[in-house]
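S.K.: Give the three-dimensional model of this entry:
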Amino acid sequence: MSAGYLANHMARLFFNALAERIKPLGLAPAQFMTLLELWAEDGLTQKDLVARLDVEQATMANTLARMERDGLVVRRPHVRDKRAQSIWLTEHARTLQGPATEAARSVNALALAELSDAERAQFLSSMNRTIAALRKAASA
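M.R.: Presented below is the predicted three-dimensional model:
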């Protein structure tokens, strides 16, 4: 089997397991990955999120609209660029950080349980290098 096929298959399995665990929190996987970026750096623009998450502009716009509707984020005018808006977490979104990241950790632990510590480290390193190579190729 090819690396692309296996990566896609693994991603779907991670996605499904994560979706199941964060659903009781009222979150979907696309919202969770957006929240991860905002928990790390609140006040990003939609353009920042598109670049960091490697998603289409329209996909991010729809995700942010749902998140705003669900009381997870608010949009405010950007301080330096009047054409842009900054995306800010609500207090509700902040309260979800612990339970949501714990749900993700449990999926990771389940998925990597058969690997030794050294194998886990190598696996994550290889994944990061592969992602970097694909990003480099996409920007060339």
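S.K.: Just the strands from this protein, written as ranges.
M.R.: Counting by DSSP state E, the chain has strands at residues 73-77, 85-89.
S.K.: Give the partner strands of the first one in its sheet and their orientations.
M.R.: Translated: strand 73-77. The strands beside strand 73-77 in its sheet (DSSP bridges) come out as strand 85-89 (antiparallel).
S.K.: rewinding a little: so which of the strands of the chain has the densest surroundings on average?
M.R.: strand 85-89 (a mean of 19; mean count of other Cβ atoms under 10 Å). In short, each C-beta sits where N, CA and C put it, glycine included.
S.K.: coming back round to it: now for the strands of the chain, which one comes closest to G43?
M.R.: Each of these has some distance to G43 by Cβ to Cβ; the shortest is strand 85-89, at 4.5 Å.
S.K.: A51 is nearest to which of the strands of the chain?
M.R.: Between the strands of the chain, strand 85-89 lies closest to A51; by Cβ to Cβ that is 13.3 Å.
S.K.: Now for the nearest residue to R94 once chain neighbours are set aside: which residues touch it?
M.R.: Nearest residue to R94, sequence neighbours excluded (Cβ to Cβ, 6 or more residues apart in numbering): W39, at 7.8 Å. Shown in contact with W39 (Cβ atoms under 8 Å, 6 or more residues apart in numbering): 89, 94, 97, 101.
S.K.: Mark which of those are buried, thanks.
M.R.: Neighbour counting by 16 or more other Cβ atoms under 10 Å classes L89 among the contacts of W39 as buried.
S.K.: Closest to N128 out of the contacts of W39?
M.R.: Closest to N128, out of all of the contacts of W39 and judged by Cβ to Cβ, is T101, at 19.0 Å.
S.K.: picking up where we left off before, now render the contacts of W39 as a markdown table, adding distance to H9 and pLDDT.
M.R.: Shown next, in a markdown table, are those (distance: Cβ to Cβ, whole Å; pLDDT from 0 to 100):
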| residue | distance to H9 | pLDDT |
| --- | --- | --- |
| L89 | 33 | 97 |
| R94 | 34 | 97 |
| Q97 | 29 | 98 |
| T101 | 24 | 97 |
